[in-house]
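Participant: how does the following fold in three dimensions:
(chains A and B)
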Amino acid sequence: MLARIASEVRPVLDGVFNAFYQYQDSFAFLVLSAIGLAVIFGMMGVINLAHGELMMLGAYITVGAARSGVPLPLAMLVAGAAVGLIGAIMEVLIVRRLYGRLLDSVAATWAVGLILSQGMLILTGPSIQGVASPLGSFRVGNTSYSWYRLLLGAVALALLVALYLLFMRTRFGLRARATIQNPEIARALGVDTARMYTVTFALGSALAGLAGGLYAPTATVVPFFGTNFMVEAFVTVIVGGANVLVGSPLAAALLGAINAFLAQTWGLYIARVGLLVTTIIVIRVLPRGMSGLVDRWRLRPTGAR
Amino acid sequence: MLRISNVVGGYGRTMILRDIDVQVEPGEIVAIIGRNGVGKSTLMKAVIGLIRPATGSIGFKGQNVSHLPADRRAHLGMGYVPQGRGIFPGLTVEENLTMGELINTNRARKSLDLAYRYFPRLAERKRQKAGTLSGGEQSMLALGRILVGQPDLMLLDEPSEGLQPNIVRQIGDDLKRINQELGTTVLFVEQNLGLIIHLAQRGYVMDKGTVTASLGAQDIVSQDALTGHLAI
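Facilitator: Numbers count the residues shown, from 1 in each chain, chains lettered A, B, ... in the order given. Next up, the predicted model:
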C-alpha cells in the first residue's frame, strides 16, 4: 500500500523538482546576464552596448587565471575586479564625455564592444580551451542535474541581496541614489558626482565581468561569448525598468518562469520568442517597466499629511 | 565671509550677471532683492559653483574659491537650498537629512539631531518619503538638510516660494533663531517683502543682472521704504 503511494507520488515530486531547477536556472541566467547592464542603466541612464564584451572579457580572464593555477572561485573574483578596472578606464576616457547624449553613448559603447571582441579574435583566435564545469552532478528520478547550475541560482540571489544592501544601507548607496534623482543638488551638497559615475560604471562592469566568469565553465569561451547573454540582459532591463533593486529581480522572476516553461514544453527557440513577446507587451502596458509601477505605488499620496 | 567681486557670468555665452559686487560679513543676514528674471538665482548658482563665472572672483572665508566645483565649496562650508527646495522626493526624510553630512567637512561631528531640534516635525516624518511631504515640510527638510552639515554660510534661493504666509513667517523665525544661536551667516534671494523685512539686516537690489542699490537696516523697515527702492 505505502509502496504504491510512494511510487505514484515520486514522479510528481520529481516533476516539481525539475520545474524548480529549470526555473532557478532561468532566473539566475537572466539576473546574472542583466545585473551589470541594469546597474549602469538604472544609476546613470547609459545603455552600455559593450556589456556582452565585458562579460566575454570576464570569461577569458577567468579561464586564463584558472588554467595558470588560480583556484576557480578566486579566478572569477579576479575577473570581476579586472573588468571593473577596465570599466573605470572606459568611463573616464569615453563614456564621461557623452552624458546626456544617449545615442552617442550607445554608438560609442557599441564601438568599444566591437573593438574588444574583434581584438580578442585577433589575439587569441576563434576559441580557447575552457575549464570544466565544477562540482559534478546529481540525479533526481531519471534526470541528471548540475550542482554548479544550482550554485549559480544561489549566487544570483546573493548578488541581488548584496546590491540591495549596498544601495540601501551604505553612505555610498545613499549618495548614488541621490545623484540619480538630482545630480546638481547632490553636487551642491558635496557629492563628487563625477567620481560617483566612475565608481558606478566600474561596479556595473565588474558585475558583468563576474557574471562572464561564472558562466565561463558552462559554455565554449569564444570572442563572441557575450552575444549569448545580450537578449536576456536587455529584456530583463527593459521589463525591469530603471530601478535595479526592484525591477531586475521582478523582471527575472517573471521572465524566468516564462522562459523555463516555454523551453521545457516547446524548446529554446519558442522560449526566446516568448521572452521577446512578453517584453513587447510589458513595454506597451508599463512603459517604465515593473519598477515604474512599484515606484508609482510607493510615491502615492498618503492620507496623513 | 563671502566676497563677490566683479562677477560676470551665465549659461554658455549668454551673460546674465554683469559686474556683480556683493559682500557678506560673518553672522549677517543679507537679502538679495529683485523681480523675476534679473539674475538672482544665477548669482546664487555662481556662489555655490553650479555655474562658473566668466570673469571676476568669489572669495569664501578668505579663500578664492572661483576655480572650485560646487562639491568642494560645500565641503568648505556653504549650504545651498535651490529654488523649489531641491529635496530628493524618492528618499526618506532621514535619508535627505543624511545627505547634508558632506557640507563643511571641518566640523567633525555630524548629527541629524540638529535638524530635528529646529524642525521637530521632521522627526515625526523621518521614515516617510520626502515626496509625500507638504510644501512647508519640504522647506523645513531643505533647511534641516544643510543644517546637519553645520554650514558657515547658508545660501537660500527664494525660501518663501509657494508657501502660505503663516509658514513663511515661521520659516523666517526659524532662520533668525539659527542665525542667533549657531552664528550661521545667511544670504538669501527673495521677492516676498514681508520675509525680507522680517529677516534681513541689510540687502542688495538687483536689476538686469547687476546690483543697482545697497540697502542698509534703515531701508528695510517698512514695505513703503522697500517698494520705493524696488520701483524703477
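Participant: separation between the residue lying closest to B:Pro69 once chain neighbours are set aside and A:Leu121?
Facilitator: Once flanking residues are discounted, B:Pro69 sits nearest to B:Gly49: 5.5 Å by Cβ to Cβ, 6 or more residues apart in numbering or on different chains. C-beta coordinates here come from the backbone N, C-alpha and C atoms, glycine included. B:Gly49 sits 47 Å away from A:Leu121 when distances are taken as Cβ to Cβ, to the nearest Å.
Participant: what's the answer for B:Asp71, then?
Facilitator: From B:Asp71 to A:Leu121 the distance is 43 Å (Cβ to Cβ).
Participant: looking at the two, which is more packed in?
Facilitator: B:Asp71 (22 against 14; other Cβ atoms under 10 Å in any protein chain shown).
Participant: doesn't A:Pro134 fall inside a helix?
Facilitator: No. The assignment for A:Pro134 is coil, going by DSSP: H, G, I helix; E, B strand; the rest coil, so no helix is present there.
Participant: local confidence estimate at the closest residue to chain B within the stretch 101-250 of chain A?
Facilitator: Across the stretch 101-250 of chain A, the shortest distance to chain B (Cβ to the nearest Cβ) belongs to A:Gly190, at 3.0 Å. Here, the pLDDT recorded for A:Gly190 equals 95.
Participant: repeat for B:Gly49
Facilitator: The model's pLDDT for B:Gly49 equals 94.
Participant: residues touching it, list them.
Facilitator: Contact analysis of B:Gly49 by Cβ atoms under 8 Å, 6 or more residues apart in numbering or on different chains lists A:Ala188, B:Val65, B:Leu68, B:Pro69, B:Ala70, B:Arg72, B:Arg73.
Participant: go on, B:Asp19?
Facilitator: B:Asn6, B:Val7, B:Val8, B:Gly56, B:Thr210.
Participant: top of those by number of neighbours, please.
Facilitator: B:Val7 (23 neighbours).
Participant: which stretches in chain A count as strands?
Facilitator: A:137-140, A:143-146 (DSSP state E).
Participant: pick the most buried one from those strands.
Facilitator: strand A:143-146 (a mean of 14; mean count of other Cβ atoms under 10 Å in any protein chain shown).
Participant: just the CA atoms of that strand, as PDB, please.
Facilitator: Only the C-alpha atoms of strand A:143-146 are listed here, as PDB (Å, rounded to 0.1, in the frame of the first residue of the first chain):
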ATOM      1  CA  THR A 143      17.200  13.100 -14.700                       C
ATOM      2  CA  SER A 144      20.700  14.300 -14.000                       C
ATOM      3  CA  TYR A 145      21.200  17.800 -12.700                       C
ATOM      4  CA  SER A 146      24.300  20.000 -12.300                       C
END
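Participant: that one - what's its average pLDDT?
Facilitator: Per-residue scores along strand A:143-146 average to 87.
Participant: please name every helix or strand in contact with that strand.
Facilitator: helix A:2-44, strand A:137-140 (3 or more Cβ pairs under 8 Å, 6 or more residues apart in numbering or on different chains; DSSP states H and E).
Participant: and B:Ser57, helix, strand or coil?
Facilitator: strand.
Participant: how about residue 26, what does it touch?
Facilitator: With no chain named, the answer covers chain A. A:Leu255, A:Gly256, A:Ala257, A:Asn259, A:Ala260, A:Ala263.
Participant: meant chain B actually
Facilitator: By Cβ under 8 Å, 6+ apart, the neighbours of B:Pro26 are B:Met1, B:Asp152, B:Gly183, B:Thr185.
Participant: the same query, at a cut-off of 10 Å, please.
Facilitator: Counting by Cβ atoms under 10 Å, 6 or more residues apart in numbering or on different chains, B:Pro26 touches B:Met1, B:Leu2, B:Lys61, B:Asp152, B:Leu153, B:Gly183, B:Thr184, B:Thr185.
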